[in-house]
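A.B. asks: here is my input, please return the structure:
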Amino acid sequence: MWSIESELGHVGGPYDRRAAVYDRLVRSRMYNRIAWSTAPEDYAAFAAAAFASADGPLLEVAAGSAAATAQLHARAQRPTVLVDLSRAMLDRAARRIAAAAADDDGHKLPAHIRLVQADLLALEFPARGFTTVLGIGLTHLFEDLPALVGALRAQLAPGGQLYLAGLVAQTRRGRRYLELLHRAGEVAVPRTAEELRVALGRPADFRTTGCMAYSTFTAV
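C.D. replies: As a prediction, this is how the structure comes out:
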């Protein structure tokens, strides 16, 4: 089986009770097309670019259920840490990766993967220990984006790359959904793509597909 390391003083996280619902939505082609004018394959392609960017240690933050990355984690041999606030999400991620690895009937996590329940703004890993940091579906959750970028850049080795993706208000329907989620306390104030690009500090590479914005930063 697998173990989940924890840097938190409590067992659960805010998504524990909604892990199953969230997992279904993030993998649904219909939901992503209707709500965000995008597709799960787009997220997987962005993640694949992150995995292919280097050979050293990789950190995936807000990893959730690894819906877009399980196959990549199963095939990659890079030392990898998956971080999330939710133990239920990490357990789903572990099961999905183990099944994709098809090792020991899907009950064993590949040896190069660690699962850590932690706050991504207060990670206790040694500084500059990862050549790649990946966060998918993340930027729309944070009001203070400079703090987010700063915390994740601190994990990057010199020359390493940070890959971040999150929702933006690029369509009328997408803006309405983000506003509803904001009123429910689920996301930060909705931003346009340009507002996000500026708030992130104008990353080296920035593009959008539907309502999902993809950003890449290189550490100095």
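A.B. asks: longest single strand anywhere in this protein?
C.D. replies: Among all segments of the chain classified by DSSP state E, the strand with the greatest residue count is strand 156-167.
A.B. asks: who are the neighbours of that strand, in terms of helices and strands?
C.D. replies: With contacts defined as 3 or more C-beta pairs under 8 Å, 6 or more residues apart in numbering; DSSP states H and E, the secondary structure elements packing on strand 156-167 are helix 40-52, strand 130-135, helix 145-153, strand 212-218. Where C-beta positions appear, they are placed from N, C-alpha and C, glycine not excepted.
A.B. asks: go with 10 Å
C.D. replies: Contacts of strand 156-167 with other secondary structure elements, assessed using 3 or more C-beta pairs under 10 Å, 6 or more residues apart in numbering; DSSP states H and E, are made with helix 40-52, strand 58-60, strand 130-135, helix 145-153, helix 172-183, helix 193-199, strand 205-209, strand 212-218.
A.B. asks: which of the ones you listed sits most buried?
C.D. replies: strand 58-60 (a mean of 27; mean count of other C-beta atoms under 10 Å).
A.B. asks: next one: the next helix or strand after it to chain centre, how far?
C.D. replies: With elements assigned by DSSP states H and E, the helix or strand that comes after strand 58-60 is helix 70-75. Centroid separation between helix 70-75 and its chain, computed with C-alpha atoms, centre = their mean, to the nearest Å, is 14 Å.
A.B. asks: so for helix 70-75, what's the average pLDDT?
C.D. replies: This predicted structure assigns helix 70-75 an average pLDDT of 95.
A.B. asks: hang on, the earlier thing: now distance to R96 and mean pLDDT too, for the helices and strands packed on strand 156-167, in a markdown table please.
C.D. replies: A markdown table is the format used below for those (distance: least, C-beta to C-beta, whole Å; pLDDT from 0 to 100):
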| stretch | distance to R96 | mean pLDDT |
| --- | --- | --- |
| helix 40-52 | 13 | 97 |
| strand 58-60 | 13 | 98 |
| strand 130-135 | 16 | 98 |
| helix 145-153 | 23 | 96 |
| helix 172-183 | 25 | 97 |
| helix 193-199 | 28 | 97 |
| strand 205-209 | 23 | 97 |
| strand 212-218 | 21 | 97 |
